[in-house]
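Asker: What follows is a predicted structure for the sequence shown.
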Amino acid sequence: MTAVTDPPSRRQEILAIAAAGFAESGFSGCSVREIAEEADILSGSLYHHFESKDKMVIEILTHYWHSLFGEYDRVLAIAAPPDETLAELVVASLAVANICPNEVRILQQDWHYLAAILPDLDHNMNRIETTFTDVLQAGINQGTLRNDIDPRIAYRTIMGAIAWVTRWYRPNGSHTMNEIGTVQATLLVDGLRTQSGRT
């Protein structure tokens, strides 16, 4: 069955409902019937909009990747010193997580299932890693970032910190995600700077 083309507003509405359901109940735990009920359409009618749940989650996460890599490209295009670029990548990662919280949660909790249905999952994760490790290596080469820490370990430490923020952050809290991102970037990057990089 080939899905029909919907007006963008309706299509995005259904995808937003699905994303919220997948994030709340898990991909397997959220049924097509529940999505259809929330969207106020019949379960069978949902298949006229999307071929399957798999297709829905693929489209949801494709939007996330597009947003994330768009922000990374924007940061890299500034061509700032590596330590400053690294800090901005941290802030950008959290900014995208703030506007795509359901997508981030879906990735975190349904990773093993998604790996089987998303052919570009490994490619995209490798792209994130390469983005960070290239900047880290550039800072090492320039002498502004420490050379005694493996860039991959530094990257994984940074991403672990970012991922944890998405679990405890609340939009109605006392700090915005941008403020948290700035603090986190300062703490993480300062720990990686050399003495010469702290001037």
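Answerer: Received, thanks.
Asker: looking at this structure, which helix or strand does the model trust least?
Answerer: The helix or strand of the chain with the lowest confidence, counting by mean pLDDT, DSSP states H and E, is helix 43-46 at a mean of 70.
Asker: Okay, buried residues for that one please.
Answerer: Using 16 or more other CB atoms under 10 Å as the test for burial, helix 43-46 gives residue 46. For the C-beta atoms, the positions are set from N, CA and C on the backbone; glycine is no exception.
Asker: Distance from the chain centre to that helix, please.
Answerer: 29 Å (CA atoms, centre = their mean, to the nearest Å).
Asker: In PDB, could you pull the C-alpha coordinates for that helix?
Answerer: Provided in PDB are the C-alpha atoms of helix 43-46 (Å, rounded to 0.1, in the frame of the first residue of the first chain):
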ATOM      1  CA  SER A  43      -7.500   2.800  13.000                       C
ATOM      2  CA  GLY A  44      -7.800   1.600   9.400                       C
ATOM      3  CA  SER A  45      -7.800   5.100   8.100                       C
ATOM      4  CA  LEU A  46      -4.400   5.700   9.600                       C
END
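Asker: name the element the closest residue in space to residue 155 that isn't next to it in sequence belongs to?
Answerer: For residue 155, ignoring the flanking residues on the chain, the nearest one in space by CB to CB, 6 or more residues apart in numbering is residue 132 at 4.4 Å. Residue 132 belongs to helix 121-142 when assigned by DSSP states H and E.
Asker: Please list the residues outside that helix that contact it.
Answerer: Helix 121-142 has contacts (CB atoms under 8 Å, 6 or more residues apart in numbering) with 65, 68-69, 72, 76, 81-83, 85-86, 89, 114-115, 145-147, 151-152, 154-155, 158-159, 192, 197.
Asker: same question, stretch 164-178
Answerer: Here stretch 164-178 has contacts from 91, 94, 95, 97, 98, 101, 104, 105, 108, 180, 181, 184, using CB under 8 Å, 6+ apart.
Asker: what's the pLDDT at residue 3?
Answerer: Looking at residue 3, its pLDDT is 50.
Asker: With residue 80 instead?
Answerer: At residue 80, pLDDT is 96.
Asker: Phi and psi next, for it.
Answerer: For residue 80, the backbone dihedrals are phi -80, psi 170 (criterion: degrees, to the nearest 10).
Asker: And for it, nearest residue in space, chain neighbours not counted?
Answerer: Closest to residue 80 by CB to CB, 6+ apart is residue 88, at 7.0 Å.
Asker: Can you give me the neighbour number for the one you found?
Answerer: Neighbour count of residue 88, defined by other CB atoms under 10 Å: 23.
Asker: Isn't residue 82 up against residue 145?
Answerer: Yes: under the criterion of CB atoms under 8 Å, residue 82 makes contact with residue 145 at 6.3 Å.
Asker: how about residue 75, secondary structure?
Answerer: helix (DSSP: H, G, I helix; E, B strand; the rest coil).
Asker: wouldn't it be in contact with residue 92 here?
Answerer: Yes: with contact defined as CB under 8 Å, residue 75 reaches residue 92; the gap is 5.4 Å.
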